[in-house]
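**Q** Here is the input, now give the coordinates:
(chains A and B)
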Protein chains: 2
Amino acid sequence: MCELLGMSANVPTDICFSFAGLIQRGGKTGPHKDGWGISFYEGLGCRSFLDAKPSVDSTIAEFVCNYPIKSNVVISHIRQANVGEVCLANTQPFIRELWGRSWSFAHNGQMNTVFDEVELGRYHPIGTTDSEHAFCWLLDQIEKNFDGIDNNLETVAQFIREHADKLAALGVFNMLLSESEYLFCYCTTKLHWITRRAPFGEASLKDADISIDFVKETGADDVVSIIATEPLTQNEQWHTIEAGELIVFREGEKVLSLTN
Amino acid sequence: MCELLGMSANVPTDICFSFAGLIQRGGKTGPHKDGWGISFYEGLGCRSFLDAKPSVDSTIAEFVCNYPIKSNVVISHIRQANVGEVCLANTQPFIRELWGRSWSFAHNGQMNTVFDEVELGRYHPIGTTDSEHAFCWLLDQIEKNFDGIDNNLETVAQFIREHADKLAALGVFNMLLSESEYLFCYCTTKLHWITRRAPFGEASLKDADISIDFVKETGADDVVSIIATEPLTQNEQWHTIEAGELIVFREGEKVLSLTN
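**A** Take a look at the predicted model:
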């Protein structure tokens, strides 16, 4: 299994605090030591940092942790390998272009039969994971049925939810997906979220002796949602996403929730 | 205009020395201060570092310069913007997937009319540069005419060269392109290369007071080719790629050269 971390914000915001907590679980407070990755959206641009090393020992992860990159949408993943060897090609998030947008995808779970159960189209996996296979199929299905998201969000989101259900039926499928503006979060077993806004308070990480006073780090109108496999802080109230539920965030706000 | 840097090697090799020279030209010894990027292939995996800041002032470039990533194929780019604003989405190399390979593309030159002259298919630009438009078109043409490179290299390379000619006819088109194994280098105006192998010697950068003794850094069987817009060292003999010439490198060796 793996762990996921996502962020949606209405102003460019760094994720250093949350990421500092997550990477502890990649070999120290958790067993997810088979690589990690993080994708930052800045406008339509997207840049990722990837490493097949345990995040807790990764010089690149340390760099990302200490170099605040301001972004509106972030997707991150730490891996505990099941299907596919430990190597760069199997490191998430995976990225593909559709409609002139960079789509980033990260998956927690396992679907051993996905290779036989879903047929690929235009997108092909570069590595050998079940996750990337599922992503290629999902994106192909989206492309075949739509030509964009704007004015169409609920229909596209429902389509993604139903197709995520099909993948979940093959095992476990918790997913973060974005195309730069919307952050789609689908849960089979474990996914939590929190929205921070004024009045801001303090928070302490569960996995490291790090606290933050958001009053000092944020503006009064900032709205920032964090999505994570397990809550990252110990003194805040996180929400649980239900099995089969898809939540969509945009500019920090939960804008849609769809269930079966 | 921009500058290009590429590497092909028969063993995983770092490019820190050459990259240290290149990034000086991004705001210090050269005017290419509108962002930079570098893609490293490790097997089929590919990871990029991108920044819209001048490479000479970029904390991420400094990190890449000092953190040796061993790779068989590298493509790097420093930008002097002409078409398209300075932002992450317009930062090269651009990446797209074809045939389950990550294709990286970097362009030096300008083709103002490319938006009207070539029709896009399946691949769409995320940013607004002429370069990305050309890349999307070129990759679409390759996909429509082939289903792979193996056993087919000369035909595919000739096809790429002829399509690069068409782009060059719209302005200036110097290009580095790779899908993880082959490095395609096409020249309209300026591109140079050098292959280093035993007996290794010393080299000194033109753009910084840095020297290297390759004897200490390499194994006896290492073969490493470096391709750059302008020669990066002052005491070695670089070769010039001719206008309209496409050279293909694989595992450090020049394996093909095609001219008009």
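**Q** Quick one: residues contacting the closest residue to chain B within the stretch 101-250 of chain A.
**A** The stretch 101-250 of chain A approaches chain B most closely through A:H124 (3.9 Å), counting by C-beta to the nearest C-beta. All C-beta spots, glycine's among them, are computed from the backbone N, C-alpha and C. Neighbouring residues of A:H124 by C-beta atoms under 8 Å, 6 or more residues apart in numbering or on different chains: A:136, B:97-100.
**Q** counting contacts, what elements does the helix or strand of chain A with the lowest mean pLDDT pack onto?
**A** Lowest mean confidence among the helices and strands of chain A (mean pLDDT, DSSP states H and E): helix A:214-217, at a mean of 90. Packing partners of helix A:214-217 (3 or more C-beta pairs under 8 Å, 6 or more residues apart in numbering or on different chains; DSSP states H and E): strand A:202-204.
**Q** what lines up beside the strand it packs on in the sheet?
**A** strand A:211-213 (antiparallel) (DSSP bridges).
**Q** Tell me the buried residues in the partner strand?
**A** Neighbour counts over strand A:211-213 (16 or more other C-beta atoms under 10 Å in any protein chain shown) mark A:I212 as buried.
**Q** what's that strand in contact with?
**A** The contact list for strand A:211-213 (C-beta under 8 Å, 6+ apart) reads A:17, A:200-205.
**Q** And for stretch A:158-169?
**A** A:109, A:111, A:114, A:118, A:134, A:138, A:141-142, A:145-146, A:173, A:175, A:177, A:184, A:186, A:188, A:244-246, A:258, A:260.
**Q** Could I get the full set of strands for the stretch 151-260 of chain A?
**A** Listed in chain order, the strands of the stretch 151-260 of chain A (DSSP state E, counting those that start in this stretch) span residues A:172-178, A:182-186, A:192-196, A:202-204, A:211-213, A:224-228, A:239-240, A:246-250, A:253-258.
**Q** Looking at the ones you listed, which is nearest to B:I75?
**A** When the strands of the stretch 151-260 of chain A are compared by C-beta to C-beta, strand A:172-178 sits nearest B:I75, at 25.7 Å.
**Q** Could you tell me the end-to-end distance of stretch A:5-24?
**A** This stretch, stretch A:5-24, spans 13 Å end to end (C-alpha to C-alpha, to the nearest Å).
**Q** do stretch A:213-221 as well
**A** 16 Å.
**Q** chain center to it: distance?
**A** 24 Å (C-alpha atoms, centre = their mean, to the nearest Å).
**Q** And for stretch A:101-108?
**A** Centre to centre, stretch against its chain (C-alpha atoms, centre = their mean), the figure for stretch A:101-108 is 7 Å.
**Q** and that stretch, what's its mean pLDDT?
**A** Averaged across stretch A:101-108, pLDDT comes to 98.
**Q** Output the below-cut-off pLDDT ranges for the stretch 151-260 of chain A.
**A** Applying pLDDT under 70 to the stretch 151-260 of chain A flags no residue at all.
**Q** Leaving out chain neighbours, which residue sits closest to A:S102?
**A** Nearest residue to A:S102 in three dimensions, chain neighbours excluded: A:C46, at 3.8 Å (C-beta to C-beta, 6 or more residues apart in numbering or on different chains).
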